[in-house]
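let's see this in three dimensions:
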Amino acid sequence: MGPTRSCSSCDQSIPADAVFCPVCGTPAASPILGDTLLGVSRGATSTATSYELAPERLQAALGPSYELGRLIGRGGYAEVFAVRDLRLKRELALKVLRPDLILTETLVARFRREAEAVGALQNTHIVPIYDVGEADGICWLLMPLVQGETLKTVLAREQRLPVPEVKRILLQAAEALQTAHEAGVVHRDIKPENLMLDGKTGRVLLMDFGIAKAMDSSVENSLTGTGVVIGTPQYMSPEQAMGKSAPDPRSDQYSLAIVGYQMLTGRVPFVGDNVREVIARQLLEEPTPLSRLVADVPSAVSSTIHQAMRKEPGQRFASMDAFAKSLNGELLTAAEGGVTRRESNFAIPAGRRPWLAALGWVLVLGGLGFAGYRAGLFTAAAPPVAGLTPESTTVTHPESIRKAAAVPRRPGTPVAARVDTASAAVAPAPPATCDAAVSALDWTAAFAKCTEEAEHSPLASRHLGMLYAEGRGVERSERLAALHFAFAADSLDPVAVLEMARRYESGRGVTLDQSKAARKYLLAANLDSMPELFAIVARRFDEGNGLPEDPKEALKWYKKAADAGDGPSMTRLGAAFEKGRGVKKDEAQATFWYSEAAKKQEPEAEYQIGMMLIKGKGGYAQDEKSGLDWLRKAAAHGNAAAQQELAKRGG
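Numbers count the residues shown, from 1 in each chain. You can find the predicted model right below:
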């Protein structure tokens, strides 16, 4: 068999000299669908199928500042080479349009737009663009050289990934997409090969905005005609498959959900013998429920992924932030496109729940102090706070809460009850428990079952709080929602504890009380190891917001968050050691933590390292050139002090 290449649309192998893909019929001369040939472009043409065969031409286009290295990747319309930046002494990746493509005005415009779109985005999970160029008919752009592998490679090796890893990847990709969407950019080709995992940290990096759509762009219609299908069939949304001219950010959400489905199950939900069959299934079929394919997948994960894969964009989440909140176990309002909360990343392993719930009742009814409770259950890594006890709910008799919540609705009271038809088809029998009814999205049954079980089940009480909060199966009431969440929180249900922290912080259904909010956050952080909670507690101790101002206590929690990989907490640790806040001044420790934070592209840490280099502090020899390079990085990432310093120094 002769040489082959991958079709840019369906990813199938096609002969190198083929004019059309034999599987999906996509023109093979250019991977950009809808491209109109305007004649051979401004530069010289090449008959080579790769610049690996004509490196001297590519080197000439790059100029003397860069040294061309080996070919490290090849895709539908571009090749990637390792490049050495001879001026700044760094390793980069060069992405260049393949030489066997006919270089048209539209193709060049798309390539430029990738650089413009990504260049405007600032996020640690988006691969940045350093430079873009065009010479001798060659279009190229420069990016950092990431030492790692794509998610596609990982899945080819592992098939399936553990649930915590799936959540981590989805959350980091969602953060990157939220940044892009806020800037008016839709990626339109989310798939495993466009998600890179850093080899050292595992950090997710979103790549390849080559066919991204700049929303509301005046030039868009000239670049993508109506009815043109752009994307990869196995991952494209139904609206993409139908060739709609203006897919919105929820299209990326659909594609990311399919990636999540594949990470959990080892397969994409819709397959076929050719691209037309795949697209038909994307339009008409529902995916097999994750609960049938994966044992013990948390219902929060499965419900989030399934909602994001709804056929109608309006039935998905309103934003990637809302998607992430749902995946993380947070209650959402209807305006956020929220889904019901079943499990969360705060979930305690099943074997620990019974005795934790029993211990919760001992604490509530017996008045055992928090310090004594911690001494018996948690390691010394979680700092104690003298005299802190889990607050009891404002209603002291749980029985009265149950009776108040279970009062029958008046005739004619509207009930936001709905049974998801897909879930009903999977489980036609009436749900046997509160949790089963919530998982089945059967809100009427859920309200009845959860009311029945809530007297003795913190989980049912938490579910009941969610039902009241979102008006599902019962008239919406934030006050009753708060009562039920408070009952579950007093039994040390971690999700409910966190929910009550947020309610006291915002005043939703309860009296605004930053002190109670802070104590609930502290309790939640002790119940579950989550960097975000560690950082919240640290800041509250640092600022005296709801907790006594205590730099030493803040330092302990910043250290826990930093050890778990939280970049802003690493920066705070660097500042603490530099200024001697809560700890003895230690220049070496300050430099270490600033360096760790800078690896995560934290702008403040980059600025501090730059100033240390310029001044010859922190153990660094004075090096103004390197210091200015760090200031430029910090400025590019939005640090105002770095921008002012550079302006003062003339750039």
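
what stretches of the stretch 551-651 of the chain score poorly on pLDDT?
Residue ranges of the stretch 551-651 of the chain with pLDDT under 70: 651.

where exactly do the helices run in it?
551-563, 567-579, 587-599, 603-615, 624-636, 640-648 (DSSP state H, counting those that start in this stretch).

would a markdown table of those with mean neighbour count and distance to D296 be doable?
C-beta here means a position set from N, CA and C on the backbone, and glycine is covered the same way. Formatted as a markdown table, these follow (neighbours: other Cβ atoms under 10 Å; distance: least, Cβ to Cβ, whole Å):
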| stretch | mean neighbour count | distance to D296 |
| --- | --- | --- |
| helix 551-563 | 22 | 28 |
| helix 567-579 | 23 | 31 |
| helix 587-599 | 20 | 34 |
| helix 603-615 | 23 | 39 |
| helix 624-636 | 19 | 43 |
| helix 640-648 | 15 | 47 |
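
what helix or strand does E91 sit in?
strand 90-97 (DSSP states H and E).

adjacent strands (with direction) for that strand?
When pairing is defined by DSSP bridges, strand 90-97 lines up against strand 78-85 (antiparallel), strand 138-144 (antiparallel).

relative to S302, how far out is D493?
Relative to S302, D493 is positioned 20 Å away (Cβ to Cβ, to the nearest Å).

tell me which of the two has more neighbours.
The residue with more neighbours, out of D493 and S302, is D493; 29 against 22, by other Cβ atoms under 10 Å.

so Y235 touches Y261, yeah?
No. The criterion here is Cβ atoms under 8 Å, and Y235 misses it with Y261 at 10.0 Å.

between those two, which contacts overlap?
V268 (Cβ atoms under 8 Å, 6 or more residues apart in numbering).

could you count how many residues lie near Y620?
Y620, neighbours per other Cβ under 10 Å, totals 16.

list the contacts of R572.
So R572 contacts 538, 542, 558, 562 (Cβ under 8 Å, 6+ apart).

list the residues that contact the first one.
In other words, A538. When the contact criterion is Cβ under 8 Å, 6+ apart, the partners of A538 are 554-558, 560-561, 569, 572.

can you tell me the closest non-neighbouring residue to it?
Excluding the flanking residues, the one nearest A538 by Cβ to Cβ, 6 or more residues apart in numbering is W557, at 3.5 Å.

again with the second one
Leaving aside its chain neighbours, D542 sits nearest to A554 (3.8 Å; criterion: Cβ to Cβ, 6+ apart).

quick one: the one you found and F534 touch, right?
No. Using Cβ under 8 Å, A554 is not in contact with F534, being 10.7 Å away.

burial of the closest residue to E52 other than its chain neighbours, as a residue count?
Excluding the flanking residues, the one nearest E52 by Cβ to Cβ, 6+ apart is L71, at 4.5 Å. For L71, the neighbour count with other Cβ under 10 Å is 16.

surely R508 is in a helix?
No. Under DSSP: H, G, I helix; E, B strand; the rest coil, R508 sits outside any helix and is assigned coil.

now do it against A554, distance only.
For R508, the distance to A554 - Cβ to Cβ - is 27 Å.

report the longest helix in the chain, please.
helix 163-182 (DSSP state H).

can you find the helix or strand of the chain with the lowest average pLDDT?
Lowest by mean pLDDT, DSSP states H and E among the helices and strands of the chain is helix 370-377, with a mean of 26.

one step back: farthest-apart pair in the contacts of R572, please.
Greatest spacing in those, by Cβ to Cβ: D542 and A562 (13.4 Å).

report the distance from stretch 592-610 to the chain centre.
Centroid displacement of stretch 592-610 relative to its chain, using Cα atoms, centre = their mean, to the nearest Å, is 22 Å.

ok so, going back, out of the strands paired with strand 90-97, which is closest to S255?
S255 lies closest to strand 78-85 among the strands paired with strand 90-97, at 19.9 Å (Cβ to Cβ).

tell me the mean pLDDT for that closest one?
The pLDDT scores in strand 78-85 average 89.

check which residues of it are buried.
For strand 78-85, the neighbour count (16 or more other Cβ atoms under 10 Å) marks 78-83, 85 as buried.

going by distance to E286, which of those residues wins?
Within these, proximity to E286 (Cβ to Cβ) peaks at A78, which comes in at 35.1 Å.

from G618, how far out is D248?
On the measure of Cβ to Cβ, D248 and G618 end up 46 Å apart.

the more surrounded of these two?
Shown here are D248 and G618; by other Cβ under 10 Å, G618 has more neighbours (19 against 15).

quick check: the more buried one touching Q589?
No. G618 is beyond contact range of Q589, at 10.0 Å (criterion: Cβ under 8 Å).

before we move on, back to that, using CSV, lay out the strands paired with strand 90-97 together with distance to N328.
Converted to CSV, these look like this (distance: least, Cβ to Cβ, whole Å):
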stretch, distance to N328
strand 78-85, 33
strand 138-144, 29
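
to K200, which of the ones you listed lies closest?
Nearest of these to K200, taken as Cβ to Cβ: strand 138-144 at 13.0 Å.
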